[in-house]
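Colleague: dropping a prediction and its sequence here:
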Amino acid sequence: MGTVVDDGKKEAQQEALQEAQQEAHGSLADLNPTVVFVLGGPGSGKGTQCANIVEHFGFTHLSAGDLLRAEIKSGSENGTMISDMIKEGKIVPSEVTIKLLERAMLENGNDKFLIDGFPRNEENRAAFEDVAKIEPSFVLYFDCSEEEMERRLLGRNQGREDDNVETIRKRFKVFQESSLPVIEYYNSKGKVRKIDARRPIEEVYESVKAIFAPKDEKAD
Ligand SMILES: Nc1ncnc2c1ncn2[C@@H]1O[C@H](COP(=O)(O)OP(=O)(O)OP(=O)(O)O)[C@@H](O)[C@H]1O
Ligand SMILES: Nc1ccn([C@H]2C[C@H](O)[C@@H](COP(=O)(O)O)O2)c(=O)n1
């Protein structure tokens, strides 16, 4: 049985979700955007490859992690909670992340989005489906070994508070336990395009390109 505090928190989360639903029905449904989810372990190269796709295929890149970090910087009332969760490698409640994604999509003006690092768990996936009523066209999955991802993250040098060995290992565990089941879910629907992300950046991009531009079409 939940405590009064738990119940209050759940109620607030539900209210926030409902609010997001109301906003979304009117507008995201009208926009009816093309969405590609970009998933893979921390440091698998999602952001790096998204930058290439944006340049050649006219998508807008929305990184859930970047939106959450911007929310912390903005001084929002959720900032401390988001920051604490990111430092622990934990996944922020869906209603917070979905609101940020929704706002970013609606403000953007494009109708083709790469949504990077989302959905990160079943709660993210189900809540997004519920609120946005959007099915991804497909899911790009960058598959990489933990050893290689750790090497890349420790060399990333962007001053991220979660790029330290202790948090990186927690992020790997969360990826294994919570994010892989989401990839499995989409795989069972034939939506996953898996890419061997252990190779050099240019080689990985060759495989990415083949997915976005079928043989007889050329990227800009
Ligand atoms: N194929 C690659 N080979 C070697 N280094 C790479 C490759 N792809 C990306 N990198 C480097 O690895 C680091 C992590 O890449 P990137 O930020 O794109 O990963 P990510 O999957 O978006 O990570 P996160 O989920 O933590 O945000 C960066 O320093 C990037 O330059
Ligand atoms: N859907 C998401 C995406 C990200 N986060 C939090 C937890 C992650 O460890 C952190 C960094 O994400 P990244 O930039 O590595 O994709 O942001 C989340 O809670 N929910």
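Modeller: Perfect, I can see it now. Ligands and ions are numbered 1, 2, ... in the order given.

Colleague: give me the buried positions along stretch 41-59.
Modeller: Judged by neighbour count (16 or more other CB atoms under 10 Å), stretch 41-59 contains these buried residues: 41-47, 49-50, 52-53, 57, 59. For the C-beta atoms, the positions are set from N, CA and C on the backbone; glycine is no exception.

Colleague: again with stretch 124-140
Modeller: Across stretch 124-140, burial judged by 16+ other CB under 10 Å covers Asn124, Arg125, Ala127, Phe128, Val131, Ala132, Ile134, Pro136, Phe138, Val139, Leu140.

Colleague: now what about it, what contacts it?
Modeller: By CB atoms under 8 Å, 6 or more residues apart in numbering, the residues outside stretch 124-140 that reach it are 17, 20-21, 24-25, 28-29, 32-39, 49, 91, 94-95, 97-98, 101-102, 114-115, 118-119, 182-183, 185-186, 191-193, 195, 208, 211.

Colleague: just the buried ones from these?
Modeller: Judged by 16+ other CB under 10 Å, buried ones among these: 17, 20-21, 24, 28, 33, 35-39, 49, 91, 94-95, 97-98, 101-102, 114-115, 118-119, 182-183, 185-186, 191-193, 195, 208.

Colleague: and the residues you listed, which of them are in strands?
Modeller: Members of the buried ones among the contacts of stretch 124-140 lying in strands (criterion: DSSP state E): Val35, Val36, Phe37, Val38, Leu39, Leu114, Ile115, Val192, Arg193, Ile195.

Colleague: name the nearest of those relative to Gly8.
Modeller: Checking these against Gly8 by CB to CB gives Ile115 as the nearest, at 30.6 Å.

Colleague: my read: that closest one touches Gly65, true?
Modeller: No - if you go by CB atoms under 8 Å, Ile115 and Gly65 don't touch, sitting 11.2 Å apart.

Colleague: tell me if the strand or helix carrying Thr80 is near ligand 1.
Modeller: For Thr80, the host element (DSSP states H and E) is helix 79-87. No - Helix 79-87 is not in contact with ligand 1 by CB under 6 Å from any ligand atom; minimum separation 10.6 Å.

Colleague: and of the ones in strands among the buried ones among the contacts of stretch 124-140, the nearest to Ala70?
Modeller: Among those, Ile115 lies closest to Ala70 (CB to CB), at 15.3 Å.

Colleague: ligand 2 next: which of the buried ones among the contacts of stretch 124-140 are close?
Modeller: Restricting the buried ones among the contacts of stretch 124-140 to those near ligand 2 by CB under 6 Å from any ligand atom leaves Ile91, Thr97, Phe118.
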